[in-house]
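> can you look at this prediction? I've put the sequence above it.
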Amino acid sequence: MTTDPSPDARDRDDVLERAYAALIDDEDHGRGDLPDRVDAAVPGNAGKQVVALTLQKAGDLVVDAKTVLAWLLAALGAPASFTGLLVPIRESGSMLPQAVLVPLVRRLAVRKWVWVAGGLLQAMAVVAMAVIAATLEGTAAGVAILAALTVFALARSLSSIASKDVLGRTVPKGARGQINGYATIGSGAAAITVGLGMRLLGGEDTDPVTFAWLFAGAAVAWVLASAAFATVTEEPGEHDDDADGGAIRSAIGLLREDAPFRRFVIVRTLLLVSALTPPFVVTLATEEGGAGLEGLGGFVISSGLASLIGGRFWGRFADRSSRRTMMLAAGLASGVILALLALLLVDDLRELTLLYPAAYLLLALAHTGVRLGRKTYVVDLAEGNRRTDYVAVSNTAMGLLLLFTGAVTSAIAVAGVEVALLALALLGLAGVVMGRTLPEVSAGED
């Protein structure tokens, strides 16, 4: 016999339902397709995943390989050659293992614990970074930071492969982009807070112990994120007890045989314009005047403003058409780069201190759209274990393609940062054209 919920539980559920209705525009797309227990828990699941993803994104701000970790290595006196390894280790390390992890994940009927395990391992890696920042320096510090970052990236692959899967199992189509959008808004608020802190505490030089405290706070964020994700209501779903190895062979087969998915991976590669151009903009800024941690704070604040401005807009747009979201955002990124390059032809404009943070802000806004668009697209493209395969294989392929694209871009940059930016802008425009060939999969385009 089923026991009726207590009055307090009913009141809590009513509050969650009203908050969900006020914040999420899902028009009940696919909500009846979820198991009854999960369907009733959709408002709570949405809120818990927003909280968990927000905390994760807040932690990411402190362990940003493109900015904060690069500054930390310089503060610790590590060889400059180590800095060039940060982004490849961070990005590819979290993507490459995912195809290999598919058999493990597919055996599980409940996937949220994979995300929780990844979150806790990331917290441990960041604690290690805090200890390194406070106790080591020079080459030893550089080697230790790279080792901790490797563990962090591998742990992130667990959370990444499970995140979209759990989202698809616990939130209906038509609301998923908005969940990521609200998490992005939360991370924007955190970015502005962290950026302001950097401007207040920073200067030309910063005590490495300051970084240690930042990392300690980030570790707490991941622990809290894991605790929130653990409370998501997920019913045992489709799983494969006989899943085995052959991951690479299966990944190649999926890319060869599934044309829509193959086109998505190609388009995603071309859309790297929004991910790879910001470091070059920061490089231009430092070449024109240099900056201590105080200057870095300005770029972090720009990133936060982009998340606050773009999170809700891009999230809603992605639920209507994730394909068009990716195309529009990539077009914006390419346009910003082309406009920046045109302005740099005027010598007086190159020295404008606000030019580079403004360009960075617009690129971050575009990257928010690209990221939310592609995340929503791959979740909506398939169901069940097929979604797990899509997420894992696309991320593994992107890990390889990112290494290749990054190497080519770095080689082009030998001819000048501006040449590399131009090449990436043209790459983005090609992605916009190729994006037109993708099928529509979003709820708003049914």
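All right, it came through fine. Numbers count the residues shown, from 1 in each chain.
> pick out the residue nearest the middle of the chain.
residue 371 (6.7 Å; CA atoms, centre = their mean).
> tell me the spacing between that residue and residue 184.
Counting by CB to CB, to the nearest Å, the gap from residue 371 to residue 184 is 8 Å. C-beta coordinates here come from the backbone N, C-alpha and C atoms, glycine included.
> how about residue 103?
From residue 103 over to residue 184 the distance is 31 Å, taken as CB to CB.
> higher neighbour count, the two?
residue 184 (26 against 17; other CB atoms under 10 Å).
> so what's the backbone phi/psi at residue 411?
phi -70, psi -40 (degrees, to the nearest 10).
> which residues does it contact?
Under the criterion of CB atoms under 8 Å, 6 or more residues apart in numbering, residue 411 has no neighbours.
> report all helices and strands that the host helix or strand of residue 126 contacts.
In the assignment (DSSP states H and E), residue 126 maps to helix 112-135. Judged by 3 or more CB pairs under 8 Å, 6 or more residues apart in numbering; DSSP states H and E, helix 112-135 is in contact with helix 42-62, helix 138-170, helix 208-230.
> let me know the next secondary structure element after the longest one.
Note on helix 138-170: by DSSP H and E, the next helix or strand toward the C-terminus is helix 176-201.
> just to revisit the earlier point, quick one: contacts for the residue nearest to the centre of the chain?
184, 274.
> look up how far residue 209 lies from it.
To residue 209, residue 371 is 33 Å away according to CB to CB.
> ok, back up a step: quick check: which of the helices and strands packed on helix 112-135 is buried the most?
helix 42-62 (a mean of 23; mean count of other CB atoms under 10 Å).
> chain center to that one: distance?
12 Å (CA atoms, centre = their mean, to the nearest Å).
> next up, the contacts around the nearest residue in space to residue 158 that is not next to it in sequence.
Once flanking residues are discounted, residue 158 sits nearest to residue 118: 3.2 Å by CB to CB, 6 or more residues apart in numbering. Taking CB under 8 Å, 6+ apart, we find residue 118 in contact with 155, 156, 157, 158, 159, 160, 162.
> now, which of those sits nearest residue 92?
Top of the list for closeness to residue 92, among the contacts of residue 118 and by CB to CB, is residue 157 at 10.1 Å.
> model confidence for the closest one, exactly?
Per-residue confidence (pLDDT) for residue 157: 88.
> pretty sure it contacts residue 91?
No - look at residue 157 against residue 91 with CB atoms under 8 Å: they stay out of range, at 10.9 Å.
> packing partners of the helix or strand hosting residue 262?
Residue 262 belongs to helix 259-270 when assigned by DSSP H and E. Applying 3+ CB pairs under 8 Å, 6+ apart, we find helix 259-270 packed against helix 247-257, helix 355-381, helix 384-413, helix 417-435.
> ok, which of those comes nearest residue 213?
It's helix 355-381; of those, that one is closest to residue 213 (CB to CB) at 25.2 Å.
> so how far is that closest one off the chain centroid?
10 Å.
> what do you get for stretch 164-172?
Centroid separation for stretch 164-172 versus its chain: 17 Å, with CA atoms, centre = their mean.
> what mean pLDDT does it have?
The average pLDDT within stretch 164-172 is 84.
> same check on stretch 354-371?
87.
> can you give me the buried ones in it?
355-357, 359-371 (16 or more other CB atoms under 10 Å).
> what do you get for stretch 386-404?
Buried positions in stretch 386-404, judged by neighbour count with 16+ other CB under 10 Å: 387-399, 401-403.
> lowest-confidence helix or strand of this protein?
Lowest by mean pLDDT, DSSP states H and E among the helices and strands of the chain is helix 7-23, with a mean of 65.
> need the longest helix for this structure.
As assigned by DSSP state H, the longest helix anywhere in the chain is helix 293-344.
> beyond that helix, next helix or strand please.
With DSSP H and E, the next secondary element past helix 293-344 is helix 347-350.
> how far off centre is that next one?
How far helix 347-350 lies from its chain's middle: 34 Å, per CA atoms, centre = their mean.
> export that helix as PDB, just CAs?
Output of helix 347-350 as PDB, limited to C-alpha atoms (Å, rounded to 0.1, in the frame of the first residue of the first chain):
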ATOM      1  CA  ASP A 347      48.100  51.400 -34.500                       C
ATOM      2  CA  ASP A 348      46.400  53.800 -32.000                       C
ATOM      3  CA  LEU A 349      43.700  51.200 -31.300                       C
ATOM      4  CA  ARG A 350      46.100  48.400 -30.500                       C
END
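> which residues of the stretch 101-250 of the chain score low on pLDDT?
199, 201-207, 237-248, 250 (pLDDT under 70).
> redo that, cut-off 90
Within the stretch 101-250 of the chain, the stretches with pLDDT under 90 are 101-111, 137-138, 142, 157-214, 233-250.
> and for the stretch 301-446 of the chain?
In the predicted model, the stretch 301-446 of the chain carries pLDDT under 90 at residues 301-322, 344-361, 364, 367-368, 371-421, 437, 439-446.
> same thing but at 50, please
446 (pLDDT under 50).
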